[in-house]
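Undergrad: What shape does this take:
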Amino acid sequence: MSIDRIVLAFAGTMVLLGLALGYFVHSGWYLLVAIVGANLLQSAFTGFCPLAIFLKKLGVTAGAAFG
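TA: Model prediction:
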């Protein structure tokens, strides 16, 4: 699995988790969804993604986006 797929899967998981926690636990969890969305947006323009950097240091194969 490449860095790109891991980053997308992690972001999707965090969004779904944030939505579920916001609905069932406390609306403050919607902030997690906003943070993940903002990070996805800024990484689309800048190419900077902390998770991708961490995965690259672990030796995970790079994909097209975070190569």
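
Undergrad: residues in contact with residue 40?
TA: Residues in contact with residue 40 (CB atoms under 8 Å, 6 or more residues apart in numbering) are residue 11. C-beta here means a position set from N, CA and C on the backbone, and glycine is covered the same way.

Undergrad: pLDDT score for it?
TA: Per-residue pLDDT puts residue 40 at 94.

Undergrad: Likewise for residue 64?
TA: The confidence metric pLDDT takes the value 85 at residue 64.

Undergrad: Contacts only, for it.
TA: residue 4.

Undergrad: For the remainder of this discussion, apply numbering that starts at 248.
TA: Yes, from this point I'll number from 248; that puts the last item at residue 311.

Undergrad: Now do the SS call for it.
TA: coil (DSSP: H, G, I helix; E, B strand; the rest coil).

Undergrad: In CSV, list the C-alpha atoms belonging to stretch 267-287.
TA: Output of stretch 267-287 as CSV, limited to C-alpha atoms (Å, rounded to 0.1, in the frame of the first residue of the first chain):
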residue,chain,number,x,y,z
ALA,A,267,-19.9,9.6,14.5
LEU,A,268,-18.4,11.1,17.7
GLY,A,269,-20.0,14.4,17.0
TYR,A,270,-23.4,12.9,16.5
PHE,A,271,-23.3,10.4,19.4
VAL,A,272,-21.0,12.0,22.0
HIS,A,273,-20.5,15.7,21.7
SER,A,274,-20.7,18.3,18.9
GLY,A,275,-17.2,19.5,19.7
TRP,A,276,-15.9,16.4,17.8
TYR,A,277,-17.0,18.1,14.6
LEU,A,278,-13.8,20.2,15.0
LEU,A,279,-11.8,17.0,14.1
VAL,A,280,-13.7,16.9,10.8
ALA,A,281,-12.9,20.5,10.1
ILE,A,282,-9.2,20.0,10.9
VAL,A,283,-8.9,17.0,8.7
GLY,A,284,-10.7,18.8,5.9
ALA,A,285,-8.4,21.8,6.2
ASN,A,286,-5.3,19.6,6.2
LEU,A,287,-6.5,17.8,3.1
